[in-house]
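In: Have a look at this fold, sequence not included:
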């Protein structure tokens, strides 16, 4: 009886080791692929504006990004137009603070 349990234990231990090695090899392949994708160039031609990783892209890139969701593209264009109109109105009134950013205020200790 002891021999049967010992053989069963050794077989299950061998299965556990093989499964661990298989999972480890899969994980290493995925990690290698992730590192390769990190090294790929993903330059969009946009320029960084402000904080929080905001990137300004031109209309062609925006069309390409939103080609499967025209509704969002339309809303985005409307929001941009609304912001431009608001900025023009503020400029006409002479109270535009568009050139001041939080970082410039901190640098000059205005904050």
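Out: Cool, got the structure. Owing to the predicted nature of the structure, the values given are computational and were not obtained by experimental measurement.

In: Using neighbour counts, pick out the buried residues of stretch 59-71.
Out: 62, 66 (16 or more other CB atoms under 10 Å). Where you see a C-beta, it was placed from the backbone N, CA and C, and this is true even at glycine.

In: now the host helix or strand of residue 38: mean pLDDT?
Out: In this assignment (DSSP states H and E), residue 38 forms part of helix 2-39. Taken as a whole, helix 2-39 carries a mean pLDDT of 96.

In: Give me the buried stretch members for that helix, please.
Out: Taking 16+ other CB under 10 Å as the criterion, helix 2-39 shows none as buried.

In: Now do it: distance to the chain's middle.
Out: How far helix 2-39 lies from its chain's middle: 32 Å, per CA atoms, centre = their mean, to the nearest Å.

In: same deal with stretch 70-83?
Out: In this view, stretch 70-83 has its centroid 21 Å away from the chain centroid, taken as CA atoms, centre = their mean.

In: buried residues in that stretch?
Out: residue 73.

In: residues in contact with that stretch?
Out: By CB atoms under 8 Å, 6 or more residues apart in numbering, the surrounding residues in contact with stretch 70-83 are 62, 63, 66.

In: can you tell me how far the first one sits from residue 13?
Out: Which is residue 62. With distances taken as CB to CB, to the nearest Å, residue 62 is found 58 Å from residue 13.
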